[in-house]
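> Just to be clear, the model below is a prediction. Sequence and coordinates:
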Amino acid sequence: EKKGLYYLEEAAIAGHPRARFFLGSFELKSKRHDRAVKHWIIAAKLGLDGSIRVLKQCYKGGLVSKEEFAAALRAHQAAVDA
């Protein structure tokens, strides 16, 4: 598991949005909600649709502010349009 996490971190640093998404899921399992949200916001900014869906659920649950969600949504749209 440690080796897999290491490679996920390396891929995320290299800019792979799915790696960011999976790191967010790992952080959520580890009860580190704030870190999970940060990973999902970065993945959304890279254009990953799944992270927008997860952030929407986090917004409904109160883990993400309205401003954070709106900023992530705008950045996601800019990445998709580019």
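Done, it's in.
> Who are the packing partners of the helix or strand hosting Gly50?
In this assignment (DSSP states H and E), Gly50 forms part of helix 49-61. Contacting helix 49-61 under the criterion 3 or more Cβ pairs under 8 Å, 6 or more residues apart in numbering; DSSP states H and E are the following elements: helix 17-29, helix 33-45, helix 66-81. Heads up, the C-betas are built off the backbone N, CA and C, glycines and all.
> Point to the residue nearest the middle of the protein.
Nearest to the mean C-alpha position of the chain, counting by Cα atoms, centre = their mean, stands Trp40 at 0.9 Å.
> Who are the contact partners of that one?
Arg20, Phe21, Gly24, Ser51, Val54, Leu55, Cys58, Ala72 (Cβ atoms under 8 Å, 6 or more residues apart in numbering).
> Quick check: the two most widely separated of the residues you listed?
Pairwise distances across those peak at 14.6 Å for Arg20 and Cys58 (criterion: Cβ to Cβ).
> Pick out whichever of these two has more residues nearby.
Arg20 (26 against 23; other Cβ atoms under 10 Å).
> Verify the stated contact: the more buried one with Lys45.
No: contact between Arg20 and Lys45 fails when scored by Cβ atoms under 8 Å: they sit 9.1 Å apart.
> what's the lowest-mean-pLDDT helix or strand in the chain packed up against?
Ranked by mean pLDDT, DSSP states H and E, the weakest helix or strand in the chain is helix 2-13, scoring a mean of 93. Helix 2-13 is packed against helix 17-29, with contacts defined by 3+ Cβ pairs under 8 Å, 6+ apart.
> Who are the packing partners of the helix it packs on?
helix 2-13, helix 33-45, helix 49-61.
> contacts for that helix?
By Cβ under 8 Å, 6+ apart, helix 17-29 touches 5, 8-9, 11-12, 33, 35-40, 42-43, 46-48, 50-51, 54.
> That one vs helix 49-61, what angle?
30 degrees (axes from the mean of the first three to the mean of the last three Cα atoms, to 10 degrees).
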